[in-house]
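J.: Starting from these lines, generate the structure:
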Amino acid sequence: MKITIRSKLILAISSLIIVIFVIAAYLFVNEKKREIAEDIYVNALAFSRLTSTTIADDYDLYLKQNSFVYFNRDIQSIFQQNDDVSQIKVLSYKGEILYDSGLDVDKKYEGERRIVAENLLTQIQSEYIAVQDLDGNGYFLRFRADGGYEYVSPDERLLQPIKQGTLIEYLLVPANEKYSVLYKLDYQNMIDRVAAMQQRIIYLAVFAIMLGAAMSFGMSFQITKPVAELVKGAAEISKGNFHNIVEIKTHDELKFLGDAFNKMAVDLEKSVETKVYKERVTRELELAAQIQDQLIPDQAQIPPMPGIELAAWLDPAEEIGGDIYDFLKVNDDNLVMYLGDVTGHGVPAGIISSISSALFYGYSIEPDLKKILLDVNRVLKAKTMPTMFLTLCLMNWDAKNQKFTYASAGHEKILHYHAETKKADYAAAGGIALGMMKDISKSINVCEIETKPGDYLVIYSDGIPECWKNEKELYGFERLQAALEKFVSLDSPEAVMKAILEDVKTFAEGHKQMDDITIMVIKRV
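T.: Next up, the predicted model:
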């Protein structure tokens, strides 16, 4: 078999590329692993120091008071800030495990006392941050006056710093005089990133080999070949074909011209595609917003019912909102109402809210609130993503018996204004959000609120109490309670609703609306 110069050139360049890529990949991947591991440790250390006090305060504020849903919500929010922390534990100074995110998933732990091992108790009772690597080696961090830190043993002997790239099992941070918080690290992200990096290197190596072979092959052609390619490429662009790539590998002025030509084609294609895509997305969002507007009743579409007057409003944070509300007249004596808040906002939340609206419309043929919630939860759990869920307050007004009942699925508390005392308070909430668990029957209870003529009920989404004025101050529940007591003198649900919304807007002082704002006002007449 005759070996041509072209074959030799292709073989030589391909072999060189393989050798270079193997050596470079080995050195690069190992160095990158050390860098990523070090970044994970440094970020986790800063993250743990930043959040430990908050977790301890939240424990006292929520979990210690049996408010597991709010505590779990804050913990999940903290987890979202650092993907490399897989588990958080709250430990008492005496070594009792008060909370374990890996085990206490659905409710507060109420079993026998959980006590840590003796070596961990020593770390808990130390005044320093404890660090333990995957090899079982323990260290303590002693912070200096200059802001740096040094590694010491339990008897405060100075130790050598941890080597770069050491894999850490957990960090134990003293939060206050009562609690310490343990952060367990997970290196799955590092493993995935390294695997993806290796895969990209392989793809890049294959591409480089192919490119080298093509360049070797092209060097045997005469200079007229690149020129002919340029002419052909210009003809294709004139026809609107931007995907035609001019292959010029002469490494001279003609190659420079060919590269510029290819970039021009790519830029032209991107410019056209961007314009078309922007127009299409804008139109689709407009249509989606119109569809969602049709699902939400306006004031004129709210059905009248004896004994009560109603008003409701929804103000989405984006074109598409995740909040919902509706009024479903079951018969002449019963009106089913609901107000809900889907996780997040935007298009994904809008889809879930539309599905939920259809489900409530279909299931509300009779005013059995608990059964309705269980049916809707069953569908949402089976047909939506596990990260998407819906908090909701479902209500029924029995005009014949003048009776108001409701069931909460992890939603905000109902605000009740008493006309006799001229004071407002919050009714009990409870329950668990729809779509989080398969069976929520034990957590859903139907409650009754005794109302009298002149009383007001306000149901709302968390976009109102969590409306930001700045980076530190929220509207809050107390301000909402005071607003209702102030505005009931307006003497109509719609006027009260508008006054509260205006008060929220005035409070925000132009700060960007971060969440959908929804409110329903009910007046007993």
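
J.: When you work out contacts or count neighbours from here on, use the C-alpha atoms and nothing else.
T.: Will do.

J.: which helix in the protein runs the most residues?
T.: Among the segments of the chain that qualify as a helix by DSSP state H, the longest is helix 5-61.

J.: Which strand or helix spans residue 430?
T.: Residue 430 belongs to no helix or strand when assigned by DSSP states H and E.

J.: How about residue 171?
T.: Per DSSP H and E: strand 168-174 holds residue 171.

J.: got the angle for the helix or strand following that strand vs helix 5-61?
T.: Next along the chain after strand 168-174, taking DSSP H and E as the criterion, comes strand 179-185. Counting by axes from the mean of the first three to the mean of the last three CA atoms, to 10 degrees, strand 179-185 points 160 degrees away from the direction of helix 5-61.

J.: can I see the domain layout of the protein?
T.: 5-189, 222-295, 296-524 (automatic domain parsing).

J.: ranges for the helices of the protein?
T.: Using DSSP H, helices in the chain cover 5-61, 68-79, 118-124, 188-218, 224-238, 253-295, 347-363, 369-383, 476-487, 493-508.

J.: Format those helices as TSV; extra columns: mean neighbour count and distance to residue 402.
T.: Shown next, in TSV, are the helices of the chain (neighbours: other CA atoms under 10 Å; distance: least, CA to CA, whole Å):
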stretch	mean neighbour count	distance to residue 402
helix 5-61	16	37
helix 68-79	16	32
helix 118-124	16	57
helix 188-218	16	57
helix 224-238	15	75
helix 253-295	14	28
helix 347-363	18	23
helix 369-383	19	17
helix 476-487	17	23
helix 493-508	19	18
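
J.: Let's have those helices in a markdown table, adding mean pLDDT.
T.: A markdown table is the format used below for the helices of the chain (pLDDT from 0 to 100):
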| stretch | mean pLDDT |
| --- | --- |
| helix 5-61 | 85 |
| helix 68-79 | 93 |
| helix 118-124 | 89 |
| helix 188-218 | 81 |
| helix 224-238 | 68 |
| helix 253-295 | 68 |
| helix 347-363 | 87 |
| helix 369-383 | 93 |
| helix 476-487 | 95 |
| helix 493-508 | 95 |
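
J.: Ok, which of these comes nearest residue 146?
T.: helix 5-61 (16.1 Å; CA to CA).

J.: orientation of the closest one relative to strand 168-174 in degrees?
T.: 30 degrees.

J.: helices or strands next to helix 5-61 in the packing?
T.: For helix 5-61, the packing partners by 3 or more CA pairs under 8 Å, 6 or more residues apart in numbering; DSSP states H and E come out as helix 68-79, strand 85-92, strand 168-174, strand 179-185, helix 188-218.

J.: Name every strand pairing with the third one and say which way it goes.
T.: Same thing as strand 168-174. Based on DSSP bridges, the pairing partners of strand 168-174 within the sheet are strand 129-133 (antiparallel), strand 179-185 (antiparallel).

J.: Point out the most buried one among those.
T.: strand 179-185 (a mean of 24; mean count of other CA atoms under 10 Å).

J.: list the contacts for the residue nearest to residue 464 when sequence neighbours are not counted?
T.: What sits nearest to residue 464 in space, not counting adjacent residues and going by CA to CA, 6 or more residues apart in numbering, is residue 517, at 5.8 Å. Residues in contact with residue 517, defined by CA atoms under 8 Å, 6 or more residues apart in numbering, are 314-317, 323, 460-464.

J.: In those residues, find the pair that's most separated.
T.: 317 and 460 (14.8 Å).

J.: More neighbours: which of the two?
T.: Neighbours were counted for residue 317 and for residue 460 using other CA atoms under 10 Å; residue 460 has more, 27 against 19.

J.: my guess is that one contacts residue 325, does it?
T.: No: counting by CA atoms under 8 Å, residue 460 stays clear of residue 325, with 9.8 Å between them.

J.: Now the common contact residues for the two.
T.: Joint contacts of residue 460 and residue 325 (CA under 8 Å, 6+ apart) are residue 339.

J.: The helices and strands packed on helix 5-61 into TSV, with extra columns for distance to residue 116?
T.: Output for the helices and strands packed on helix 5-61, formatted as TSV (distance: least, CA to CA, whole Å):
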stretch	distance to residue 116
helix 68-79	21
strand 85-92	9
strand 168-174	13
strand 179-185	11
helix 188-218	26
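
J.: Relative to residue 430, which of the ones you listed is closest?
T.: So among these, helix 68-79 is nearest, using CA to CA, at 8.5 Å.

J.: Residues contacting that closest one, please?
T.: 51, 55, 58-59, 62-63, 85-86, 107-108, 410, 432.

J.: at 10 Å instead, please
T.: Identification of contacts with helix 68-79 by CA atoms under 10 Å, 6 or more residues apart in numbering yields 47, 51, 54-55, 58-65, 80, 85-88, 101, 104-109, 410, 430-433.

J.: Next, the angle helix 5-61 makes with it.
T.: Angle between the axes of helix 68-79 and helix 5-61 is 150 degrees (criterion: the same axes, to 10 degrees).

J.: Mind exporting the C-alpha coordinates of helix 68-79 to CSV?
T.: Extracted in CSV, the C-alpha atoms of helix 68-79 (Å, rounded to 0.1, in the frame of the first residue of the first chain):
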residue,chain,number,x,y,z
PHE,A,68,-41.9,23.5,60.9
VAL,A,69,-43.3,24.8,57.5
TYR,A,70,-41.7,28.3,58.0
PHE,A,71,-38.5,26.9,59.4
ASN,A,72,-38.2,24.4,56.5
ARG,A,73,-38.9,27.1,54.0
ASP,A,74,-36.0,29.2,55.3
ILE,A,75,-33.7,26.1,55.4
GLN,A,76,-34.6,25.3,51.8
SER,A,77,-33.9,28.9,50.9
ILE,A,78,-30.5,28.6,52.6
PHE,A,79,-29.7,25.4,50.7
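
J.: quick revisit: a markdown table please, covering the strands paired with strand 168-174 and showing distance to residue 390 and mean pLDDT.
T.: As requested, the strands paired with strand 168-174 are exported to a markdown table (distance: least, CA to CA, whole Å; pLDDT from 0 to 100):
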| stretch | distance to residue 390 | mean pLDDT |
| --- | --- | --- |
| strand 129-133 | 39 | 94 |
| strand 179-185 | 29 | 95 |
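
J.: what would these look like in a markdown table with distance to residue 405?
T.: Putting the strands paired with strand 168-174 into a markdown table (distance: least, CA to CA, whole Å) gives the following:
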| stretch | distance to residue 405 |
| --- | --- |
| strand 129-133 | 51 |
| strand 179-185 | 41 |
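
J.: Which among the ones you listed is found nearest to residue 417?
T.: It's strand 179-185; of the strands paired with strand 168-174, that one is closest to residue 417 (CA to CA) at 39.4 Å.

J.: next one: that closest one to chain centre, how far?
T.: 22 Å (CA atoms, centre = their mean, to the nearest Å).

J.: Mind exporting the C-alpha coordinates of that strand to PDB?
T.: Only the C-alpha atoms of strand 179-185 are listed here, as PDB (Å, rounded to 0.1, in the frame of the first residue of the first chain):
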ATOM      1  CA  TYR A 179     -26.400  26.200  69.400                       C
ATOM      2  CA  SER A 180     -23.900  25.000  66.900                       C
ATOM      3  CA  VAL A 181     -24.700  24.400  63.200                       C
ATOM      4  CA  LEU A 182     -23.100  21.500  61.300                       C
ATOM      5  CA  TYR A 183     -22.800  21.800  57.500                       C
ATOM      6  CA  LYS A 184     -22.000  18.600  55.700                       C
ATOM      7  CA  LEU A 185     -20.400  19.100  52.300                       C
END
